[in-house]
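A.B. asks: coordinates only, sequence not included:
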């Protein structure tokens, strides 16, 4: 579950796009039949 892409990790990841890229990289390790919940929207 990803609840938001805020500013908390900017010092390490540079931009909000960098934060999104890093958070979404966890899908590389998911079961192909899994789902992601992103800010209340379910993506299968």
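C.D. replies: Structure received. All values derive from a computational prediction rather than experimental measurement. Numbers count the residues shown, from 1 in each chain.
A.B. asks: quick check: longest helix of the chain.
C.D. replies: Assignment by DSSP state H gives helix 16-24 as the longest helix of the chain.
A.B. asks: Can you give the distance of the helix or strand just after that helix from its chain's centre?
C.D. replies: Next helix or strand after helix 16-24 toward the C-terminus (DSSP states H and E): strand 36-38. Mean C-alpha position of strand 36-38 versus that of the full chain (C-alpha atoms, centre = their mean, to the nearest Å) differs by 8 Å.
A.B. asks: which secondary structure elements does strand 36-38 contact?
C.D. replies: strand 41-43 (3 or more C-beta pairs under 8 Å, 6 or more residues apart in numbering; DSSP states H and E). In this view, the C-beta of every residue, glycine as well, is placed from N, C-alpha and C.
A.B. asks: can you pull the buried residues of the longest helix of the chain?
C.D. replies: 19, 23 (16 or more other C-beta atoms under 10 Å).
A.B. asks: do stretch 24-44 as well
C.D. replies: residue 38.
A.B. asks: Figure out how far it is from the centre of its chain.
C.D. replies: On C-alpha atoms, centre = their mean, the centre of stretch 24-44 falls 8 Å from the chain's centre.
A.B. asks: In this structure, where is pLDDT below threshold?
C.D. replies: 1-4, 9, 40-44 (pLDDT under 70).
A.B. asks: and with 90 instead?
C.D. replies: Residue ranges of the chain with pLDDT under 90: 1-27, 29-30, 32, 34-44.
A.B. asks: What is the longest helix of the chain packed up against?
C.D. replies: With 3+ C-beta pairs under 8 Å, 6+ apart as the test, helix 16-24 has helix 10-13 packed against it.
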